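K.L.:
build me a model:
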Amino acid sequence: NLYSLDHGSLIMSPKRMFPSTPLVKLGENNFKKVSAFLSRFGSIPDLLELDHITVSGDVTFGKGVSLRGTVIIIANHGDRIDIPAGAILENKIVSGNLRILDH
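P.N.:
You can find the predicted model right below:
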């Protein structure tokens, strides 16, 4: 929802409060290849209110995730972080190991 396509041109959403694009830093090991990148997202997160995101390690995002402000997600070596579907992360640091499983 950050951009829309208008006659072949990407147009930033007028709903975005800031005229700049968010700063995105993704770890090389898990987000380097397009196929690996795509496999980590249930759907494209809502980035409309995002200023900055840093993601490092084994991190996945469920469907309908919203990222706002500054978000830092760091999974330590050997750990995994699954951001659950519908989660809203605003000005948060997430680290360690987080897995939420359906039963």
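K.L.:
could you find the closest non-adjacent residue to Phe31?
P.N.:
Spatial nearest neighbour of Phe31, chain neighbours left out: Phe37 (5.0 Å); criterion: Cβ to Cβ, 6 or more residues apart in numbering. All C-beta atoms are positioned from the backbone trio N, CA, C, and that covers glycine.
K.L.:
look at the one you found and give its secondary structure.
P.N.:
Of the three states, Phe37 takes helix according to DSSP: H, G, I helix; E, B strand; the rest coil.
K.L.:
tell me, how many residues neighbour it?
P.N.:
The number of residues packed around Phe37, counting by other Cβ atoms under 10 Å, is 12.
K.L.:
could you report the distance from it to Val59?
P.N.:
As for Phe37, its distance to Val59 is 11 Å (criterion: Cβ to Cβ, to the nearest Å).
K.L.:
my guess is Tyr3 contacts Met12, does it?
P.N.:
Yes - checked against Cβ atoms under 8 Å, the pair Tyr3 and Met12 is within contact range at 5.9 Å.
K.L.:
list the contacts for Pro22?
P.N.:
By Cβ atoms under 8 Å, 6 or more residues apart in numbering, the residues touching Pro22 are Leu2, Leu47, Leu50, Asp51, His52, Ile53.
K.L.:
report the two of those residues separated the most.
P.N.:
By the measure Cβ to Cβ, these have their two most distant members at Leu2 and His52, which lie 13.7 Å apart.
K.L.:
can you map out the strands along this structure?
P.N.:
When secondary structure is read from DSSP state E, the chain shows strands at 3-6, 9-12, 23-26, 50-56, 58-61, 66-75, 80-83, 88-96.
K.L.:
alright, I will stop here.
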